[in-house]
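Peer 1: Provide a 3D model corresponding to the input given below.
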Amino acid sequence: MTAVVNEDTWTARRINRTALITMVVMVFAWAVDYIDRFSIGMALPMIGAEFELSKTQQGWLVTVFALVYMVCQIPAGFLADRYGSRGPMLATLLLWSAFTAMTGMAGTFGMLLVVRGLFGVCQGLFPAASFKAIAERTTPGNRATVTGVMLSAGGIGAGLAPLIVGPLLMAVGWRHTFFWMAGVGAIIGVVVWTLLPKALPERLSSLPRDEAKTPEVSRKQVLKSFVVWKFTLLFCATNMLNYGLITWVPSYLLEARGLTLNQTGVLAAIPMLVSIGTTILGGWLFDRYFHDHGRWYLSSIALVTVVLLILMVSAETTAEFTLYETLALAVFGMATMAVFGLPLRVLPTAVTGIGMGVMNFGGQVAGAVAPVAMGWLADAFSYTAAFGFLIGTTFLTAVMAFWVPQNPAQFTFSPASPGSAS
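Peer 2: Residues are numbered from 1 along each chain as shown. Presented below is the predicted three-dimensional model:
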């Protein structure tokens with residue numbers, strides 16, 4: 001009887017307040033995640049010069065992180081579903097801050113690879129826990145909006161990273177830059193753990209079963225779901241663009257356009273900061289208009305982005321390059337929740353961790369492939385060939401949009417046992 005009374009205290013105002021606080025807390029956590037993760041892209045020229053590394057070797061410093069990060073996604077989902085979101089998030093924020101500091105202590109290229117791999121383990125446990133935190137504290141009707149705001153922190157982090165890291169690199173060098181970021185990350189970790197509100201009751205946070213068209217769903221069913229793996233492959237294709245541009249645009253501006261490090265920081269930040277608003281807008285549009293009609297929405301966004309990337313690659317001036325890069329990332333930012341929106345609506349809260357872990361696994365395949373593939377293309381051919389790789393993967397996104405389901409009735413799971421409903 002006491003549990004029922006407590007659940008009845010969940011008024012609309014309290015539910016919305018829980019979602020709002022969760023959203024703000026997770027934006028801070030994800031911003032630190034991305035600043036720590038992508039600062040290596042700004043530091044690559046200095047690291048490459050100190051250790052006499054080729055572009056392919058520099059790409060491996062990003063890819064070794066991405067490979068380990070990728071492998072951790074599905075186990076991270078199990079941990080989030082088993083232990084909830086709060087504890088795993090605190091542990092990962094503190095641990096990845098420690099390995100951020102150790103990056104600045106590395107004395108050899110081999111040690112850098114090891115430290116970046118361990119950094120990848122710690123950060124790899126974070127996304128599934130954060131998606132779990134959102135699922136526990138939002139209703140299906142506003143989940144894409146809240147998640148869109150959280151994921152917009154990728155733009156905040158990637159946009160602020162050049163503005164923060166560039167001046168730090170110039171002032172204190174790449175090693176001490178990582179020490180500063182480690183300290184801030186540890187503080188944010190404690191703040192996240194302290195401020196994250198209580199989870200909603202299950203009846204509020206999951207889609208009604210008659211609408212989801214599924215009975216109780218186990219983690220094993222999620223792992224075996226062909227539909228979940230379709231969205232995983234789709235996220236792999238879409239994430240190539242973000243990883244590719246964040247990793248190689250700073251080096252391109254420094255080497256091919258002859259800019260200073262500070263100029264590179266400003267120009268690299270502009271596209272990422274603009275994408276913040278469009279990622280949030282994409283989540284709101286999905287919740288409001290496209291939650292059952294995502295195919296044409298996603299495909300149209302991807303095709304417009306392809307055109308803008310072609311214009312970016314053919315740009316004659318740095319200003320034109322930055323303009324078209326900014327427009328491409330701004331448009332493509334609206335696609336994020338077209339990928340995540342339906343799975344987040346349909347997956348029951350109890351298995352959100354493993355579902356998002358599987359999907360994020362696909363996204364991190366892109367993180368492992370894009371930096372090294374583009375580094376090799378830049379070494380063997382040119383930066384134009386490297387950016388052409390991103391044009392191809394973005395066009396693939398437009399095609400794959402028609403391969404995935406677009407409403408809850410089409411989102412099915414394998415039966416829990418022979419004869420059971422799917």
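Peer 1: now the helix or strand harbouring I74: how far from the chain's centre is it?
Peer 2: For I74, the element it lies in under DSSP states H and E is helix 55-83. How far helix 55-83 lies from its chain's middle: 12 Å, per C-alpha atoms, centre = their mean, to the nearest Å.
Peer 1: give the other helices and strands that the host helix or strand of C122 contacts.
Peer 2: Take DSSP H and E as the rule and C122 turns out to sit in helix 109-124. In this structure, helix 109-124 makes packing contacts with helix 12-51, helix 55-83, helix 86-103, judged by 3 or more C-beta pairs under 8 Å, 6 or more residues apart in numbering; DSSP states H and E. Quick note: C-beta positions are derived from backbone N, CA and C, even for glycine.
Peer 1: of all those, which lies closest to R219?
Peer 2: helix 55-83 (6.2 Å; C-beta to C-beta).
Peer 1: what mean pLDDT does the closest one have?
Peer 2: Per-residue pLDDT over helix 55-83 has a mean of 83.
Peer 1: which non-adjacent residue is nearest W296?
Peer 2: A401 (7.8 Å; C-beta to C-beta, 6 or more residues apart in numbering).
Peer 1: wait, doesn't the one you found sit right on F290?
Peer 2: No - taking contacts as C-beta atoms under 8 Å, A401 lies outside contact range of F290: 11.6 Å.
Peer 1: mind listing the shared neighbours of those two?
Peer 2: A338 (C-beta atoms under 8 Å, 6 or more residues apart in numbering).
Peer 1: more neighbours: those two, which one.
Peer 2: Each of A401 and F290 has its neighbours counted (other C-beta atoms under 10 Å); A401 has more, 25 against 21.
Peer 1: how near is the residue nearest to W296 to K230?
Peer 2: Per C-beta to C-beta, to the nearest Å, A401 is found 11 Å from K230.
Peer 1: can you check W376 too?
Peer 2: With C-beta to C-beta as the criterion, W376 and K230 are 29 Å apart.
Peer 1: mind listing what's buried in stretch 388-403?
Peer 2: Residues G388, F389, L390, I391, T393, T394, F395, L396, T397, A398, M400, A401 are the ones in stretch 388-403 that count as buried (16 or more other C-beta atoms under 10 Å).
Peer 1: quick check: closest non-adjacent residue to the third one.
Peer 2: Closest residue in space to L390, ignoring its immediate chain neighbours: G244 at 4.7 Å, by C-beta to C-beta, 6+ apart.
Peer 1: so that neighbour makes contact with I391?
Peer 2: No - G244 lies out of contact with I391 (C-beta under 8 Å); the separation is 10.2 Å.
Peer 1: picking that back up, give the full set of residues in contact with the residue nearest to W296.
Peer 2: A401 neighbours (C-beta under 8 Å, 6+ apart): L234, G294, R295, W296, L298, S299, A302, A338.
Peer 1: in helices only, show me those.
Peer 2: L234, G294, R295, W296, L298, S299, A302, A338 (DSSP state H).
Peer 1: got those residues as a markdown table, with pLDDT, neighbour count and distance to G353 columns?
Peer 2: Putting these into a markdown table (pLDDT from 0 to 100; neighbours: other C-beta atoms under 10 Å; distance: C-beta to C-beta, whole Å) gives the following:
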| residue | pLDDT | neighbour count | distance to G353 |
| --- | --- | --- | --- |
| L234 | 92 | 24 | 20 |
| G294 | 73 | 21 | 23 |
| R295 | 81 | 16 | 27 |
| W296 | 84 | 13 | 31 |
| L298 | 88 | 28 | 25 |
| S299 | 89 | 18 | 29 |
| A302 | 92 | 25 | 28 |
| A338 | 81 | 31 | 22 |
